[in-house]
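Enquirer: sequence first, predicted coordinates after that:
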Amino acid sequence: MKLGLAIEELHRSENHLARVLLAVSDRHKADHEVFHVARDIARWSQRHVTELARIGTDFGVDLEPEPAGEPGILERIQQTTADLLGRRPEPGLLLLADLRHVHREAAGVSLDWELLAQAAQGARKRELLALAERCHPDTLRQLRWANATLKVSATQVLVSP
Amino acid sequence: MARVDRIAEPWGTRTPYGPGETWPTRVDAYLADGLGEDDVDRWVQSATILHSNGDGLDIAVKDDRIVGVRGRADDRVNHGRLGPKDLFGWQANHSPDRLTKPLIRRDGELVETDWDTAMDAVAGRCRELLAERGPSSVAFYTTGQLFLEEYYTLGLIAHGGIGTNHVDGNTRLCTATAAAALKETFASDGQPGSYTDLDSADVICLYGHNMAETQTVLWTRILDRLAGPNPPRIVCVDPRETPVARAATVHLAPRPGTNVMLMNAVLHELIGNGWIDRGYVDAHAVGFDELAQRVRDYPPEVAAEVCDVPVAQIREAARIIGTAQRLVSTVLQGFYQSHQATAAAVQVNNVHVLRGMLGRPGCGLLQMNGQPTAQNTREAGADGDLPGFRNWSNESHVAELARIWNVDPMDIPHYSPPTHAMQMFRYAEEGSIRFLYVTATNPAVSLPELARIREILAQERLFLVVQDIFLSETAQLADVVLPAATWGEKTGTFTNVDRTVHLSEKAVDPPGEARPDLDILVDFAHRLDLRDKDGAPLVKWTDPEGAFEGWKECSRGRPCDYSGLSYDRLRQRNGIQWPVTDEHPEGTERIYVDGQFWAQPDYCESYGRDLVTGAPLDETEYRALNPTGRAVLKAAEYLPPHELVSEEFPFQLITGRTLYHFHTRTKTGRAPQLQAAAPEVWVEMAASDAADRGWSEGDVLEVATPRGRVEARLRISGIRPGVLFLPFHYGYWDRPGGAGPDGRGRAANELTLTDWDPCSKQPIFKTAAAAVTRVAPGDGPAPAPTTTGSRPVSGTVPATRGGEDALADEQVRGGSR
């Protein structure tokens, strides 16, 4: 069975999504709602990472339960840049690109959860299925957030000269 | 007739009554200059405007000047009573520094000009920008203090004429969460309660609502119940020891920012103990299983830890709520302006749905308003929503509105939710909004993180128009200042939180060249040459009654239906509750009777949002969730606040109101009795925190956050340890210089953070981390009232008194007892 592999892949993609969300948050400090909400919902992915590591031991995979942590120094420098750029329109386009990126990553994670749920069902692994049923809705909410925020932000960014 | 010092006794004399009885009448009046009622030339009908209660009153006029006020005995809201701000606040109308001529900026200075020049400059710049940058460069920021007719006209101009999505009111700071919470649970704005529910309730819960100071007359009603036979039990949630807390059976003082945790624990107890009406829930609600599952993770023991409230108190509060026969709940800024605002307010709705406490006498739910006409800002679309509680994401609602306005549906922006105030300031900051038209509000003092707001407003590239009655801190930054008429100088209607509509008539002429806001807006529309799709003028009225008739048609068939009302009806009987239709010409006291809501997918105002991310649900999702239009039980997880205390900033800072002032004090600071009662900013701290530092009452402190500093005298009060309270009323207009802090910060919003609830977009004023140091020892007590939430713990502070100048008449006329 390749269940361990699926858990490992999801552990990787959730870790990555959390870091992407934190990096987006850091880059858009002057867009306060993006800054705060991206951090709030990055926590969901971090929680998933811990839970995946815990259940991974049942399937013979040894995963780090601690989420990968805050974005690195380069991304932090970009936070200062975001503050400095707060008065210029370019961050608007950067925001659209970043949200599009979040959406793509979250869509990938969502598919990973689908795969894991299918496998758990097939292999009759109740606990694993319950985990997928508990966590996947969070991913869908992350996905909807990226979509909705993109929609709300797009008009002003694209229509303004 | 009694004469009472209404500064010393803000709620006046008790008139006790029992459950189910009619609240006795007590007529309060104040006339200036020793005048008697016989000296008055005429009495003009109106209602109160320095809070949201909507108390009916008559304005006394002598020699074409306002000389006083008297409560209306026949008004359903107040039964004759008035609060201190109503009795004394009107004097600000006569203030010598009223704006009487338009001002325009020339070579950096504001100079007097004529109306034509000022309005041509305003309309001219707006047209230029529309041509160069389009409607997305134009924004309107209004208030909760104009009249319904003015909001409706403003919304028509902005949405139907200019076609911008950038319209909001300062109601975003005060009642946005009320509207959002109602939309989440009932899929539409509209208050399920009636004030008369207080007459028969056996349990009254006040969540983050210091009603004693924000709606003094409504609190008087509760005080009279408490003084009568079989009084109600009171549950209070507030980190301060307010007058409400002192009257409470149970007072919960949670750590700021933990309301969702607390409410989830209460719901945990209600469901766990079976204190719910399962039949009602099954018949009239969706979402029960998810809610039950969610709150299973929130036992009182967990909440006690996170909220730092004794577990027994949480259980006791839940038991009182769970065993109430007739439950009234009210919610205000302690929830609305705190972390997870909408999620917390929604849990109060959930209590009422779970217990089936809706649509019956004594079972009222009031998601309160803070301002007198905030309800109308929301109804008429001046908060950015479409008028008549129409759903911006329902094409047929937009099409219907386009028919009423005779414009193309494409001309009404509805591609995304309306731009909220904080986002408008963000767009101005980044330069995509270049024209901001501010009416009757003072963002340079009232918005969070003032240093940032002042910088945004002062930008050269932003054309700022301010329409006001005084040269506020915001007006001082304007390119054009338009002098407006105020209450008593113009006619219009407004609606309070229990849906009661009052007509407020013009009593006297405005000073100098000041004009009613409606006239100015209509003038603006004409100068822009806004037209409907047949080429006729877009705004088809020129006076308040014409605007009201237009609004009636717009509201027809919607929840806030005014179609059965008229100025004549309101002149005969002022104070009628909507919906008012031809079938119900006397109005409707109770909505949501028998679990009938306005939540059907085709009819509802909103499909709801995600309580954590704020992402709107779309029509398909809503139809799947709630196909038959039931109430929606929405669960929410607790999230820790965004700004946590640290070694450097060890206190939690909350801001708020005091009984004697309103907003940025532009009126109450100019009424001598009110100003004297609370003359200067102060900061509250618990006795234990002060003792730890060896500080005393009246010491001069500096409160600091990463955003700024404020200097204030220390009031040692009954506030929760670890929390500081600053009143937000004090800005700079009555300081030398008058525009900004100039070294010594005074406005609480120098300190607050830029963060808002993702669902209601209401800024968070009550969860900032702060440091505090002593600047100098004091030479006497802090300038804070002793009658209110700022009551000192020490008995040596002289009591707040108004003296001879604050004596008002009280005439008790008895009730049914």
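Expert: Nice, thanks for sending it over.

Enquirer: low-confidence ranges, the chain, go.
Expert: With no chain named, the answer covers chain A. A:1, A:70-89 (pLDDT under 70).

Enquirer: wait, chain B was what I had in mind.
Expert: For chain B (pLDDT under 70), the answer is B:814-817.

Enquirer: longest helix of it, counting residues only.
Expert: helix B:115-133 (DSSP state H).

Enquirer: what about the residue of chain A most remote from its centre, which SS state?
Expert: Within chain A, residue A:161 marks the point farthest from the mean C-alpha position, 31.7 Å out by CA atoms, centre = their mean. Here residue A:161 is coil, with the state taken from DSSP: H, G, I helix; E, B strand; the rest coil.

Enquirer: up against chain A, what does the stretch 401-550 of chain B have?
Expert: B:415-417, B:419, B:422-423, B:426-427, B:429-432 (CB under 8 Å from any CB of the partner chain). Bear in mind the C-beta positions are built from the backbone N, C-alpha and C, glycine included.

Enquirer: of these, buried ones?
Expert: The neighbour-count criterion (16 or more other CB atoms under 10 Å in any protein chain shown) marks B:416-417, B:419, B:422-423, B:426-427, B:429-432 among these as buried.

Enquirer: in CSV, list those along with secondary structure.
Expert: Shown next, in CSV, are those (three-state DSSP):
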residue, secondary structure
B:416, coil
B:417, coil
B:419, coil
B:422, helix
B:423, helix
B:426, helix
B:427, helix
B:429, helix
B:430, helix
B:431, coil
B:432, coil
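
Enquirer: and residue 52, which of the three is it?
Expert: Since no chain was named, I'll use chain A. Criterion first, three-state DSSP; result for residue A:52: helix.

Enquirer: skip the chain neighbours and tell me the closest residue to the residue nearest the centre of chain B.
Expert: Taking CA atoms, centre = their mean as the criterion, residue B:370 is the residue nearest the geometric centre of chain B, at 2.2 Å. Of all residues not flanking residue B:370 in the chain, residue B:174 sits nearest, at 3.5 Å (CB to CB, 6 or more residues apart in numbering or on different chains).

Enquirer: same deal with residue B:369?
Expert: The nearest residue in space to residue B:369 (CB to CB, 6+ apart) is residue B:52, at 4.0 Å.

Enquirer: that neighbour belongs to a strand?
Expert: No: using three-state DSSP, the assignment for residue B:52 is coil, not a strand.

Enquirer: does it touch residue B:214 like I think?
Expert: Yes: in terms of CB atoms under 8 Å, residue B:52 counts as a neighbour of residue B:214; the distance is 7.5 Å.

Enquirer: overlap of the contact sets of the two?
Expert: B:368, B:370 (CB atoms under 8 Å, 6 or more residues apart in numbering or on different chains).

Enquirer: spell out which parts of chain A neighbour chain B.
Expert: A:30-33, A:36-37, A:39-41, A:43, A:86-89, A:91-92, A:141-142, A:144-145, A:147-149, A:151-152, A:154-157, A:159-161.

Enquirer: now, of these, which are buried?
Expert: For the residues of chain A next to chain B, buried by 16+ other CB under 10 Å: A:30-33, A:36-37, A:39-41, A:43, A:86, A:91-92, A:141-142, A:144-145, A:147-149, A:152, A:154, A:156-157, A:160.

Enquirer: identify the bridge partners of residue B:724.
Expert: residue B:653 (DSSP bridges).

Enquirer: my guess is it meets residue B:703, correct?
Expert: Yes: with contacts counted by CB under 8 Å, residue B:724 reaches residue B:703, the gap being 6.2 Å.

Enquirer: can you pull out the strands in the stretch 351-500 of chain B?
Expert: Applying DSSP state E, counting those that start in this stretch to the stretch 351-500 of chain B gives strands spanning B:365-367, B:435-439, B:463-468, B:480-483, B:492-495, B:500-504.

Enquirer: actually the stretch 51-200 of chain B, sorry about that
Expert: B:56-62, B:65-71, B:103-106, B:109-112, B:138-142, B:167-169.

Enquirer: pairing partners for the last one, with directions?
Expert: Right, the one you point to is strand B:167-169. According to DSSP bridges, strand B:167-169 has these partners: strand B:138-142 (parallel).

Enquirer: same question for the second one.
Expert: Each strand pairing with strand B:65-71, determined using DSSP bridges, is listed with its direction: strand B:25-31 (antiparallel), strand B:56-62 (antiparallel).
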